[in-house]
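Enquirer: got a structure for you, letters missing:
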């Protein structure tokens, strides 16, 4: 009997991917905190996860190289963030403290997802080996 990893892991691999993308967006904001005119970007995790879940449920695949891949989103859920602070005069909307806090929060969620996936893998390994090793 074959094991379906899609059924075993569910949406969690997509969650890890979205969290990694969110970390890149936040890191980009932090790196550009002093860049004049830079607009802070943010990712709506809930909508990105909902999109990933709908792609997982539809099971649509590209059958020809000239077909559009309808599963990809143009901006991957990334959009400009509404600034919390007034313009400092240079047009930059990055608040470094907010970005650091968001990065930390995202990292904690990412680690929790990794731990969940690890426990799922251990459970599958136990099921395959029958509790041996």
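Expert: Okay, I see it. Keep in mind the model is a prediction, meaning the values are calculated, not measured.

Enquirer: can we go C-alpha only for contacts and neighbour counts from here?
Expert: Fine.

Enquirer: And the pLDDT at the spatially most central residue of the chain?
Expert: Nearest to the centroid of the C-alpha atoms of the chain, with distances taken as Cα atoms, centre = their mean, sits residue 18, at 1.1 Å. According to the prediction, residue 18 has pLDDT 93.

Enquirer: Report the buried residues of the helix or strand that it is a member of.
Expert: With elements taken from DSSP states H and E, the one containing residue 18 is helix 12-31. The neighbour-count check on helix 12-31 (16 or more other Cα atoms under 10 Å) flags 12, 14-16, 18-19, 21-23, 25-27, 29-30 as buried.

Enquirer: Which neighbouring elements make contact with it?
Expert: Judged by 3 or more Cα pairs under 8 Å, 6 or more residues apart in numbering; DSSP states H and E, helix 12-31 is in contact with strand 41-43, helix 45-58, helix 96-129.

Enquirer: and of the buried residues of helix 12-31, the nearest to residue 87?
Expert: Using Cα to Cα, the shortest approach to residue 87 within the buried residues of helix 12-31 belongs to residue 29, at 15.6 Å.

Enquirer: how close does that closest one get to residue 121?
Expert: The span separating residue 29 from residue 121 equals 34 Å under the rule Cα to Cα, to the nearest Å.

Enquirer: Low-confidence regions, this protein specifically.
Expert: Under the criterion pLDDT under 70, the flagged ranges of the chain are 1-3, 56-64, 66-76, 132-133.

Enquirer: Thank you, goodbye.
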